[in-house]
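Student: Based on what follows, work out the 3D shape:
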Amino acid sequence: MVRQIVNMIIGVSLISIVFAKSPYSFAELLATEVAMQEAAYGEEDAPLQILEFASLGCSHCAAFHKETFPKLKSEYIDKGMVRLVFNDFPVSTPALAATMIARCAGPERYLGMVEVFFKGQKSWVGVEDVLGGLKRVARFGGVSAADVDKCLNNESLLKAIQEKARAAEEMYKVKSTPSFVINGSTYAGNLSYEKLKKLIDDELKIQ
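Tutor: Next up, the predicted model:
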């Protein structure tokens, strides 16, 4: 099923036809390699690294960030024990567009934009005017409607996001969102804090 989803969003024309309104490119404002820099919570030298693969339009992903992530952050990330690396895995055209906008905001603002899109899902997921909804939510993150238009025409960024999702499918067997990779093992679904805590404690050998 994931292969079908990935194939569905491969064509550049999808974003161009459904969302893009501006002939300009956002590339002159932010290079793709800069926009695609790794985004993570926690210290680089944390003893345990967790990879999260999420789609911004995924309600289960949003629930994880609302309910589980705050506990994970306070108990493990803020104490230097865990580093959580956030990875894009958009499973719909609107989610792909939201990902592009978040990436266009730049590395320092990207994770903040992720939270903005999660919290504002009802404004752009399953609505008739998806582009309008995305622009309204993006405005809360300080991204103007004009920059949204420019961003959604960035073919290089679009392809980079798709390539990362494809690589995750092949390397980690990611088949749904959210998915988490802990020490080489992939766990699918919105993990409860209790289950995640046990996995982390087992890896850190905490009794």
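Student: Every contact and neighbour count from this point should use C-alpha atoms.
Tutor: Will do.
Student: Give me the number of neighbouring residues for Asp202.
Tutor: Residues contacting Asp202 under the criterion other Cα atoms under 10 Å number 11.
Student: That one and Asp78: what is the separation?
Tutor: Summarising the geometry, the distance separating Asp202 from Asp78, computed by Cα to Cα, to the nearest Å, is 19 Å.
Student: Convert the helix or strand hosting Ala102 to CSV, retaining C-alpha atoms only.
Tutor: Assessed by DSSP states H and E, Ala102 sits inside helix 93-104. Coordinates of the C-alpha atoms in helix 93-104 are reproduced here as CSV (Å, rounded to 0.1, in the frame of the first residue of the first chain):
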residue,chain,number,x,y,z
THR,A,93,-0.9,15.2,-1.6
PRO,A,94,-2.1,17.8,1.0
ALA,A,95,0.4,16.3,3.5
LEU,A,96,3.2,16.6,0.9
ALA,A,97,2.3,20.2,0.4
ALA,A,98,2.3,20.9,4.2
THR,A,99,5.7,19.2,4.4
MET,A,100,7.1,21.4,1.6
ILE,A,101,5.8,24.6,3.4
ALA,A,102,7.3,23.5,6.7
ARG,A,103,10.6,22.8,5.0
CYS,A,104,10.6,26.1,3.3
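Student: Pull out the buried positions in it.
Tutor: By neighbour count, with 16 or more other Cα atoms under 10 Å as the criterion, the buried positions of helix 93-104 are Thr93, Pro94, Ala95, Leu96, Ala97, Ala98, Thr99, Met100, Ile101, Ala102, Arg103, Cys104.
Student: where do the strands sit along the protein?
Tutor: With DSSP state E as the criterion, the chain has strands at 39-41, 48-54, 82-88, 179-182, 185-188.
Student: right, and those - which one's nearest Glu33?
Tutor: When the strands of the chain are compared by Cα to Cα, strand 39-41 sits nearest Glu33, at 12.6 Å.
Student: Good, we can wrap up now.
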